[in-house]
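A.B. asks: Structural data only, the sequence is not supplied:
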């Protein structure tokens, strides 16, 4: 009431009982003279104690709007730090997959008995295999480092 938070002991049932008694006490006091006014005591209970006013800073229920704002900020921070790393990892994985596909095609061509490869063509395939293998090794190292960094950032932000 009046912009303050009032804490009631017990659960919802205790609160409802206390409010009914308070309201019925007011109705009786309005109908009777002030000299015969009786105060209604809360039910005897280990939990019951006089209601106290809690300053807003001590209020236990978290403001839903603030909670959602905090979650959105946390997601934004994650997206800004993890997003680029995920993109980098995915790009490296795509490039590695492309190179592995080309390597497999070249290996199949070299190993095929029906492929009648002449010297120049055979050596060109072997050279391309070696160049792509070097690229593949370098990309795999970069992917491992990026994946490790991504895992670390996800662990820290979780």
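C.D. replies: Sure thing, it's come through. Given the structure is predicted, the values throughout are model-derived calculations rather than measurements. Numbering: from 1, shown residues only.
A.B. asks: Next, count neighbours for residue 92.
C.D. replies: The burial count assigned to residue 92 is 19, neighbours taken as other CB atoms under 10 Å. For glycine as for every other residue, the C-beta is placed from the backbone atoms N, C-alpha and C.
A.B. asks: Wait, residue 107 touches residue 129, no?
C.D. replies: Yes - counting by CB atoms under 8 Å, residue 107 touches residue 129, with 7.2 Å between them.
A.B. asks: all helices for this structure, in order.
C.D. replies: 12-31, 64-111, 119-157 (DSSP state H).
A.B. asks: Pull out the buried positions in the last one.
C.D. replies: Taking 16 or more other CB atoms under 10 Å as the basis for neighbour counts, the residues of helix 119-157 that come out buried are 125, 129, 132, 136, 139, 142-143, 146-147, 150.
A.B. asks: Nearest to residue 3, out of the helices of the chain?
C.D. replies: Among the helices of the chain, the nearest to residue 3 by CB to CB is helix 64-111 (17.7 Å).
A.B. asks: so the closest one versus helix 119-157, what angle?
C.D. replies: Comparing the axes of helix 64-111 and helix 119-157 via axes from the mean of the first three to the mean of the last three CA atoms, to 10 degrees yields an angle of 160 degrees.
A.B. asks: pLDDT averaged over helix 64-111 - what is it?
C.D. replies: Here helix 64-111 scores 91 as its mean pLDDT.
A.B. asks: Stretch 137-151 now?
C.D. replies: Stretch 137-151 comes out with an average pLDDT of 95.
A.B. asks: likewise stretch 20-31?
C.D. replies: Along stretch 20-31, the predicted confidence averages to a pLDDT of 70.
A.B. asks: Dump the helices of the chain to CSV, plus distance to residue 4.
C.D. replies: Output for the helices of the chain, formatted as CSV (distance: least, CB to CB, whole Å):
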stretch, distance to residue 4
helix 12-31, 16
helix 64-111, 19
helix 119-157, 38
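A.B. asks: out of those, which comes closest to residue 6?
C.D. replies: Counting by CB to CB, residue 6 lies closest to helix 12-31 out of the helices of the chain; the figure is 9.8 Å.
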